[in-house]
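Peer 1: A structural model of the following input is requested.
(chains A and B)
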Amino acid sequence: MAVTTDERLQAIFCKAFNVEQLPDEAAPGTVALWDSLGHLALITELELQFGVKFTVEEWSQMVSVRAIKEILADRGIH
Amino acid sequence: MMMGRPESPATALLTRVAEEPTYLMYQTVARELRALGPQALEIPSTRHARVALIGTGTLEPLASYLLVEAAQEQIWLDIWCGGYNQFQSELLDANGRLYAFAPELVVVAAAAAGIVAGASDGSASEPLITRINELSDAFTRHSKGLLIWHNLVVPSDEPYRLDPSPAATLTTQLNAMLATRCAQHPQLRVLDLDRLAAFFGKQRMCDERLKSVAQIPWAPEFMRHLARAMLAFVKAYKGLTRKCVVVDLDNTLWGGVVGEDGPDALVLGDDGPGTGYVAFQRALLDLRARGILLAINSKNNPADALAVLRSHPGMVLREHHVAAMRINWQDKATNMQALAAELNLGLDSLVFIDDQPFERELMRHLLPQVLTPDWPTDPLEYASALSSLTDFERLQTTEEDQRRAELYAAEQARQQTQAQTCTLEDYLKSLEIVISVQRMQPAEVARVAQLTQKTNQFNLTTRRYQQRDIQDLLESSTARVYTLRVQDRFGDAGLVGVAIVRMMADVWELDTLLMSCRVMGRRIEFAFLGALCQAAQAAGGSVLVGRYAPTAKNHVVKGLFAQAGFEPAGQKGETIRWQRDLARPWPEEPLIRVDAAVEAIA
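Peer 2: From the prediction side, this is the model:
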């Protein structure tokens, strides 16, 4: 069975923040390990896993799980 | 990954990061390793070091890479990161947090670049070097550790420019000045960031986004290389380096199987696919020129293999370059132990290179102390696989290092003589040994420090000293350092023994007594002790005290003091104290000539 984008995302969150399932509202600061350096580690992993390179502006817009999903969708990743 | 450990939660973390070496994984694994601590990886305290990272950028990500790369090689680092752009005040403040951390190594990351950028006149090299001098001087006043400056990356961002780039000219000059300065002091070293960046690719070494958002000066993949370069310093500083490369023959030193294909069919030469093997042989010879021994461990008919070593026109590496060999049909672990014994080296001084995964696994399993690196399948990658190891570095190359391979050739001649003479006495007599015991000279400080760090077997107390500690002893009025030099009719072994004595009134105490394993087993130790007794007596001493502190490796000297006529004088923990009344005459050592006048050494 194909792995969905959401499942891939949750696997990355799990690796980055050691959490089971992050809701759309989850954001930097609401998860223990999601601090500024954790955020960078998350972004570099997203870029690797999805084969995209975000702009610094997009980095700054990734303020929640929902925002990340929207930015990925803008890049054609649903 | 390399050490053949059983899988525990901590080693599972290391396997994960080796399989998936991403930025996220390094940060995650570093965090979890810190929480677990060194005991989870069973890393002994001899492989712990305290490292401070200071500099101009956000340094924590680099610290994670460093911690993980070290743990992969069974080294535990306590790492302290300085404040953002605080390195100048940290180096100057004797009572600040840097020195309170008591670092053994301090790496100033990208700091020269920070000073250049901060200079009001960006083109002034003199003020920059003055500043670096001031900071270095402060460091050597406040710390006994090692200060490692990153040099500057010569910019390459105008690749098609025809006239010399002023920025490139300036940084090249500054790097030369920095190198000169750091070569003058044993506590200062340069990490050649420019060369590392050129190797990696200067265009890729920085991720502009990470730099602008988080002030992380380096791209993630570059941080892995930078961590390995720092790890080379750690290993050199802690004496965790390897002394001998042991190679397989078929498909490792040459292409093909000589026993089956015959010497004429071997893939080896200056063009075509054989070039990889030639390049690998050249890289091995480069290591040999730096004092690393070469040895052979191969399943082959000795006659077939030796014929290639002696007369194949494509070979660059020849029989006389090899310090010891085992070419037979025994298992390679048994051969490895025999090689270690012949060369008088510990297994943890050896690196084993073999193209066969089976042989590598066997070695890791049976002799985990031997470093058995993963090895590429393409021979064109062999030379670079060898140079990616960080295990052969030294902070100081002494004359003895450069002559080591030659010294071992003399040793082989000696062993042949031993085979021809019947008794040990006859043999020793035939060697015509002359020893010289002298007070240490300033030029010998580096070698003496190196011996205290590297000598494991003939070492009574195994106290490790840095160059700075030994330097201090030159001027001490309560301690003396004596050096032992040995020569015989086959050659000059150089400075191979050290005694550090601490003097309390008429009691002379041997803080350190050590001898290189190269000269063990020739009764030289007794002549050395005799010379020390004479020196002590001449200087008014009446008792010579020695201690034996057992370690995993120094059993060979357990009985030394008893054999030398010392009386037991108490025990503390496992350490046994011995003493000898200097009024008792020292028995002559008739087979060894002591070439040092008492007046000269007292």
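Peer 1: how far is the longest helix anywhere in chain A from where the chain is centred?
Peer 2: Using DSSP state H to define each element, chain A has its longest helix at helix A:36-50. Distance of helix A:36-50 from the chain centroid (CA atoms, centre = their mean, to the nearest Å) equals 7 Å.
Peer 1: that one: which residues count as buried?
Peer 2: A:L37, A:G38, A:H39, A:L40, A:A41, A:L42, A:I43, A:T44, A:E45, A:L46, A:Q49, A:F50 (16 or more other CB atoms under 10 Å in any protein chain shown). The C-beta positions use only the backbone N, C-alpha and C, and glycine is treated the same way.
Peer 1: so who does whichever residue of chain B sits closest to chain A touch?
Peer 2: Of all residues in chain B, the one sitting closest to chain A is B:L24 (4.1 Å; CB to the nearest CB). Neighbour list for B:L24: A:I12, A:K15, A:A16, A:A41, A:L42, A:T44, A:E45 [criterion: CB atoms under 8 Å, 6 or more residues apart in numbering or on different chains].
Peer 1: do the helix or strand harbouring the second one and chain B meet?
Peer 2: Same thing as A:K15. Secondary structure assignment for A:K15, by DSSP states H and E: helix A:5-17. Yes: Helix A:5-17 is in contact with chain B by CB under 8 Å from any CB of the partner chain, via A:I12, A:K15, A:A16.
Peer 1: as a markdown table, those with pLDDT and neighbour count would be great.
Peer 2: Shown next, in a markdown table, are those (pLDDT from 0 to 100; neighbours: other CB atoms under 10 Å in any protein chain shown):
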| residue | pLDDT | neighbour count |
| --- | --- | --- |
| A:I12 | 93 | 20 |
| A:K15 | 89 | 19 |
| A:A16 | 90 | 24 |
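Peer 1: what strand or helix carries residue 57?
Peer 2: In the absence of a named chain, this looks at chain A. helix A:56-61.
Peer 1: which bits of chain A sit near chain B?
Peer 2: A:12, A:15-16, A:18, A:33, A:36-38, A:40-42, A:44-45, A:48, A:55-56, A:59-60.
Peer 1: so how far is stretch B:87-101 from its chain's centroid?
Peer 2: On CA atoms, centre = their mean, the centre of stretch B:87-101 falls 28 Å from that of its chain.
Peer 1: just stretch B:127-134 next, same as before
Peer 2: On CA atoms, centre = their mean, the centre of stretch B:127-134 falls 30 Å from the chain's centre.
Peer 1: report the buried residues of it.
Peer 2: Across stretch B:127-134, burial judged by 16+ other CB under 10 Å covers B:L128, B:I129, B:R131, B:I132.
Peer 1: residues contacting the residue lying closest to B:G259 once chain neighbours are set aside?
Peer 2: The shortest distance from B:G259 to any non-neighbouring residue, by CB to CB, 6 or more residues apart in numbering or on different chains, is to B:D304 (5.1 Å). By CB under 8 Å, 6+ apart, B:D304 lies in contact with B:V258, B:G259, B:P263.
Peer 1: who's in contact with the residue nearest in space to the middle of chain A?
Peer 2: Nearest to the geometric centre of chain A sits A:I68, at 5.4 Å (CA atoms, centre = their mean). Residues near A:I68 by CB under 8 Å, 6+ apart: A:L9, A:L46, A:M62.
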